[in-house]
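> Mind looking at a prediction? Sequence and model below.
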Amino acid sequence: MAVVMEVKSNLLKEERQMLLRRFKRPGFKLVAQVVMGEPPAEFKEIVHKGLLEEKQQKLDEEWKLRKAEKERERELRARERELEEARRKAEADALARAQAEAMAQAEAVKAQLLAQQQAQAAVIEIGPDGTPIQPTPPGDGAVVVDAEPMVVEANPPAEGVPQAAPAGEVKEEQGEAKPDVKMEGEVKLEEVKQEEEEKKVEPEEPEEPRPIATLTDEEKAIFFTPKASTDLTSWTLGGHFAKFCLPDADEGFDEIRFAWNPQEVCKEYLHKWVLKNKILCRMEDIVPSDWFHLKSSEWQKVLADWHSKQGEFAAKQAYQEDEPPAEDGSSVTDVMSVPDICNVVNGEPLFAKFTFEDWALLSLRLELHLLVHSFRRDAQDDERVGIHESHLPFYYNKYYKKTFNVKHYGVENNAALLSFIKDTVVINPENQVIQAMLQEEVESFDIFVKLTEVLWPWNSDVRTA
């Protein structure tokens, strides 16, 4: 059994007949297997199973990433706690060393003062005759000698050593070391607090359960697995899909089988698919007609003439600044009824005060008007009802050889831009096709100037102020 898997050729009658010639041999049975339309439940189940597995895989990957991120954050917090504990420990050690040094220094001062007191106790008094005077115990009735005795220190203090202070002063100095004892207590309290903090354990966050994937109603309506690449290129599909058809018995098939749906259902399905793609697919090989080139050339001449008339009127107004202002075109109440847009009042054109924005929207009106009508002419297919709004940049470049960028008009999408010129073209909300609001053959291009003046999208006072 030989199977011919040619997507485009199997859907085109002429190419199917060419393929059949290769199998016109005795013993071959030519069978056309048509697999089209809504698939059976078994096929849908396989597709939905694949979609569910793919969705579950994505959820698992995201779930694992979240878990890894939480673990990384937990480790980071633990590291920060370790660094903080090390910092506090270093500060406590430094404070303990400072306190130890202060205590040692206080003990040294205390020992030195004690030595000085002992030295004072060993002082011997010498009388006038050079003999030592024995100290008289209190209450013995000793006679006080008027002569001032000479004091000799048994152990004179060395230079640079602090002199002995009275007992009261010694007590005060000894008392000055008491704050060190208090600081030591504070250190102990801080160590206790630190130990308590170290004992604290960070509460663990509950682990996120593994998510379970489910299909939405939109996903359940999918009958075929989406592919990253298409079976046909956009160029091939756009150039041939309009001729796609089902095989007939007169093509030479011995048998035509319809696997999923009956023949009539398949025909209806293919017809609707073709109509849909006549809107969604671009016509890559479309060529602008002579009618378009003629109208476009006429428009360019008229536009240049209007620019010239605007400049002439502006120059004339500059020479007449000293004269009383004449009635201008802004006093016209019904713009659409103006017979001559180049001479509304006293030679003033209707477009006398047009700014860059006015001219840009005026040109856009005419260009899209011609584009929409030219496409219907050049497509030569009544089922191609118009240009899908997403293909507007493609066809604009195809016809005008210019780039179409909505951001040049200060908006973000085609719908916002076309809302400025809804008097000329609109987007059909049912199929997103751009439709013209004016007849193909307008009486003159003047209508586009009048529409620009009447339906200025911003406040017209800005232009005339």
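Yep, it's here. Please read all numbers here as calculations on a predicted model, not as lab measurements.
> Can you list the low-confidence ranges for the stretch 301-450 of the chain?
Applying pLDDT under 70 to the stretch 301-450 of the chain picks out residues 321-332.
> how does it look with 80?
Along the stretch 301-450 of the chain, segments meeting pLDDT under 80 span 319-333.
> Surely Ala32 is in a strand?
Yes - Ala32 sits within a strand when classified using DSSP: H, G, I helix; E, B strand; the rest coil.
> mind listing what it touches?
With contact taken as C-beta atoms under 8 Å, 6 or more residues apart in numbering, Ala32 is in contact with Pro247, Glu251, Phe253, Glu255, Ile256, Arg257. Every C-beta, even on glycine, is put in place using the N, C-alpha and C of the backbone.
> measure the most centrally placed residue in the chain to Ile434 for me?
Taking C-alpha atoms, centre = their mean as the criterion, Glu412 is the residue nearest the geometric centre of the chain, at 15.7 Å. For Glu412, the distance to Ile434 equals 18 Å [C-beta to C-beta, to the nearest Å].
> For the protein, which segments count as strands?
31-34, 124-126, 132-133, 150-152, 255-258, 387-388, 425-427, 433-436 (DSSP state E).
> where are the low-confidence patches of the stretch 101-250 of the chain?
Filtered on pLDDT under 80, the stretch 101-250 of the chain yields the residue ranges 121-205.
> try it again with 90
Applying pLDDT under 90 to the stretch 101-250 of the chain picks out residues 115-208, 224-240, 242, 249-250.
> Excluding residues flanking it in the chain, which one is nearest the residue nearest to the centre of the chain?
Val406 (6.8 Å; C-beta to C-beta, 6 or more residues apart in numbering).
> what's the neighbour count on the one you found?
Residue neighbour count, defined by other C-beta atoms under 10 Å, stands at 16 for Val406.
> Equivalent analysis for Leu366, please.
Residues within reach of Leu366, counting by other C-beta under 10 Å, total 23.
> Quick check: phi and psi at the residue nearest to the centre of the chain.
phi -110, psi -20 (degrees, to the nearest 10).
> Was I right to think it contacts Asn405?
No - between Glu412 and Asn405 there is no contact under C-beta atoms under 8 Å: 11.0 Å.
> Show me this protein divided up by domain.
Following the TED database, one gets these domains for the chain: 7-39+223-280, 290-318+337-458.
> okay, how far is it across the shortest one, tip to tip?
Using C-alpha to C-alpha, to the nearest Å, the end-to-end distance of domain 7-39+223-280 comes out at 19 Å.
> chain center to that domain, what's the gap?
Here domain 7-39+223-280 is found 43 Å from its chain centre; the criterion is C-alpha atoms, centre = their mean, to the nearest Å.
> now the longest one
How far domain 290-318+337-458 lies from its chain's middle: 35 Å, per C-alpha atoms, centre = their mean.
> let's have the chain start at 379 instead
In the new count, where the first residue is 379, that last one comes out as domain 668-696+715-836.
> For the nearest residue to Arg762 once chain neighbours are set aside, which residues are in contact?
Distances taken as C-beta to C-beta, 6+ apart place Lys656 nearest to Arg762, at 4.9 Å, with adjacent residues excluded. Lys656 is in contact with Ala620, Asp759, Glu761, Arg762, Val763, counting by C-beta under 8 Å, 6+ apart.
> quick one: which of the residues you listed is nearest Ser752?
Arg762 (12.5 Å; C-beta to C-beta).
> Go ahead and confirm the closest one touches Arg755.
No - contact between Arg762 and Arg755 fails when scored by C-beta under 8 Å: they sit 10.8 Å apart.
> quick one, which of those two is more surrounded?
Set Arg762 next to Arg755 and count neighbours by other C-beta under 10 Å: Arg762 wins out with 19 against 12.
> ok, the more buried one to Asp626 distance?
To Asp626, Arg762 is 25 Å away according to C-beta to C-beta.
> burial count for Leu770?
Per other C-beta under 10 Å, the neighbour tally for Leu770 reads 21.
> who's in contact with the closest residue to it other than its chain neighbours?
Of all residues not flanking Leu770 in the chain, Asn792 sits nearest, at 5.5 Å (C-beta to C-beta, 6+ apart). By C-beta under 8 Å, 6+ apart, Asn792 lies in contact with Glu767, Ser768, Leu770, Val784, Ile805.
> Quick check: the second one vs Glu745, distance?
To tie it back to what came earlier, the one meant is Ser768. From Ser768 to Glu745 the distance is 18 Å (C-beta to C-beta).
> One more: the last one?
Using C-beta to C-beta, Ile805 is found at 16 Å from Glu745.
> Now do the helices for the stretch 679-828 of the chain: every range, in order, please.
For the stretch 679-828 of the chain, applying DSSP state H, counting those that start in this stretch gives helices covering 734-757, 770-778, 792-796, 824-832.
> if you compare those, which one is most tucked away?
helix 824-832 (a mean of 21; mean count of other C-beta atoms under 10 Å).
> Can you dump the C-alpha atoms of it in PDB for me?
Extracted as PDB, the C-alpha positions of helix 824-832 are listed here (Å, rounded to 0.1, in the frame of the first residue of the first chain):
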ATOM      1  CA  ASP A 824     -13.500  68.000  -2.400                       C
ATOM      2  CA  ILE A 825     -15.500  65.700  -0.200                       C
ATOM      3  CA  PHE A 826     -12.400  64.600   1.700                       C
ATOM      4  CA  VAL A 827     -11.500  68.200   2.500                       C
ATOM      5  CA  LYS A 828     -15.000  68.900   3.800                       C
ATOM      6  CA  LEU A 829     -14.900  65.800   6.000                       C
ATOM      7  CA  THR A 830     -11.500  66.800   7.400                       C
ATOM      8  CA  GLU A 831     -12.800  70.200   8.300                       C
ATOM      9  CA  VAL A 832     -16.100  69.000   9.800                       C
END
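> From the rest of the structure, what touches it?
So helix 824-832 is contacted by 684, 713-714, 716, 719, 728-729, 732, 736, 739-740, 743-744, 747, 799, 801-802, 816, 838 (C-beta under 8 Å, 6+ apart).
> give the contact list for Gly630.
Contact analysis of Gly630 by C-beta under 8 Å, 6+ apart lists Gln395, Leu398, Lys402, Leu408.
> which of these lies closest to Asp595?
Among the contacts of Gly630, and counting by C-beta to C-beta, the member closest to Asp595 is Leu408, at 42.1 Å.
> Beta-bridge partners for Ile634, please?
Note on Ile634: beta-bridge partners Ala410, judged by DSSP bridges.
> so what pLDDT did it get?
We have a pLDDT of 92 for Ile634.
> Buried residues, stretch 476-486. List them.
Residues of stretch 476-486 classed as buried by neighbour count (16 or more other C-beta atoms under 10 Å): Gln477, Ala484.
> In the protein, where's the longest helix?
Looking across the chain with DSSP state H, the single longest helix is helix 419-499.
> which helices and strands sit right next to it?
Here helix 419-499 touches helix 545-554, helix 556-577, helix 595-598, going by 3 or more C-beta pairs under 8 Å, 6 or more residues apart in numbering; DSSP states H and E.
> Alright, I will stop here.
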